[in-house]
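**Q** coords please:
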Amino acid sequence: MKISVVKNVLDSNNIVARKNREIFKEKGLIALNLISSPGSGKTTLLQKTIDRLNPAHKSAVIVGDLQTTRDAERLEPFAKEVIQINTGMSCHLYANQISESLGQITLKEIDFLFIENVGNMVCPGEFDLGENLKVVLLSLPEGDDKVAKYPTIFRAADIVLLTKIDLMGVLKFDLKRVMADLEKLNSSLKLIKISSESGEGMDEWLNWLKAQRKKSVGVQAKFIPE
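**A** Model prediction:
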């Protein structure tokens, strides 16, 4: 009985996720689901990313947190539109929450939709939100064993951002171990070493984002050439 209930929940979620994905395609935008542990630097990365994408590319953000609007408030000066979802006790976002939020966003004016998921390396991997790509952040302070400990989310990732790379040499971190663990899970997975503090890796990340949008959306009227 429990297995049936879980399956029904996932099936219902996936139906809404597919509808979300169709909307993104119709509106000519690309949606990215950012997943990580708390404190990995998602919000700071989005601040720097959206600031660098402006003014050529407009961004909206859906922020998931258990409580407060603090991350949304930090992003508001940079993004065209920001929506806060407070999940209460839930450790991740659902596709229906994204669907409900889309009605509050002027999608036809957006090039990038960033979904900042609730800080968690487990639950978000199981729930499709309709995003085009999953971006997983791993920060140096978390340690080099997290890929092996949480294989599901790294297996599902489209890219891994190794954040707070400016702390390399300050903290004990075995990059070769991380790379080997990623290779076992997903040999084609791209990893970018990045620091929101120093700016290292930001150009590579931004170039990847723009390339993925062109690949996903194609050349459309609202696309602003660089």
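**Q** Would you mind measuring the gap between the ends of stretch 124-143?
**A** Between the start and the finish of stretch 124-143 there is a gap of 20 Å, counting by CA to CA, to the nearest Å.
**Q** What residues of it count as buried?
**A** 124-125, 127-140, 142 (16 or more other CB atoms under 10 Å). Backbone N, C-alpha and C define where each C-beta goes, glycine included.
**Q** Could you give the number of residues near S90?
**A** S90 has 15 neighbours, counted by other CB atoms under 10 Å.
**Q** ok, now which ones touch it?
**A** For S90, the contacting residues are L66, V118, by CB atoms under 8 Å, 6 or more residues apart in numbering.
**Q** isn't there a helix covering it?
**A** No. Under the criterion used here (DSSP: H, G, I helix; E, B strand; the rest coil), S90 is coil, not part of a helix.
**Q** now it: how far from M168?
**A** Using CB to CB, to the nearest Å, we find S90 at a distance of 34 Å from M168.
**Q** Look up phi and psi at the spatially most central residue of the chain.
**A** Ranked by distance to the mean C-alpha position of the chain (CA atoms, centre = their mean), the top residue is L34 at 1.6 Å. For L34, the backbone dihedrals (degrees, to the nearest 10) come out as phi -90, psi 120.
**Q** Who are the contact partners of it?
**A** L34 sits next to K42, L45, L46, F114, I115, E116, N117, V135, L137 when contact means CB under 8 Å, 6+ apart.
**Q** please redo it, this time with the cut-off set to 7 Å
**A** Listed by CB atoms under 7 Å, 6 or more residues apart in numbering, the contact partners of L34 are K42, F114, I115, E116, N117, V135, L137.
**Q** Just the pLDDT at it, thanks.
**A** pLDDT for L34: 97.
**Q** Ok, K222 next?
**A** 48.
**Q** Mind giving me the packing neighbours of the helix or strand of the chain with the lowest mean pLDDT?
**A** Lowest on mean pLDDT, DSSP states H and E among the helices and strands of the chain sits helix 2-27, with a mean of 82. Using 3 or more CB pairs under 7 Å, 6 or more residues apart in numbering; DSSP states H and E, the elements in contact with helix 2-27 are helix 95-102.
**Q** got the angle between the helix or strand just after the helix it packs on and helix 2-27?
**A** Using DSSP states H and E, the helix or strand that follows helix 95-102 in sequence is strand 112-116. Orientation check (axes from the mean of the first three to the mean of the last three CA atoms, to 10 degrees): strand 112-116 against helix 2-27 gives 150 degrees.
**Q** List just the nearest of the contacts of L34 to Q104.
**A** Q104 lies nearest to I115 out of the contacts of L34, by CB to CB, at 13.8 Å.
**Q** now the closest one: how far from K48?
**A** In terms of CB to CB, I115 sits 17 Å off from K48.
**Q** Which one's more surrounded, the two?
**A** Set I115 next to K48 and count neighbours by other CB under 10 Å: I115 wins out with 26 against 20.
**Q** quick one, what contacts the more buried one?
**A** Shown in contact with I115 (CB under 7 Å, 6+ apart): A31, L32, N33, L34, I62, L93, I98, L129, E131.
**Q** So which of those residues sit within helices?
**A** Judged by DSSP state H, the contacts of I115 include I98 as members of helices.
**Q** This protein: strands as residue ranges?
**A** Secondary structure of the chain by DSSP state E: the strands cover 30-35, 59-65, 81-86, 112-116, 133-139, 159-163, 190-193.
**Q** Count residues in the vicinity of K149, would you?
**A** Using other CB under 10 Å, K149 is surrounded by 12 other residues.
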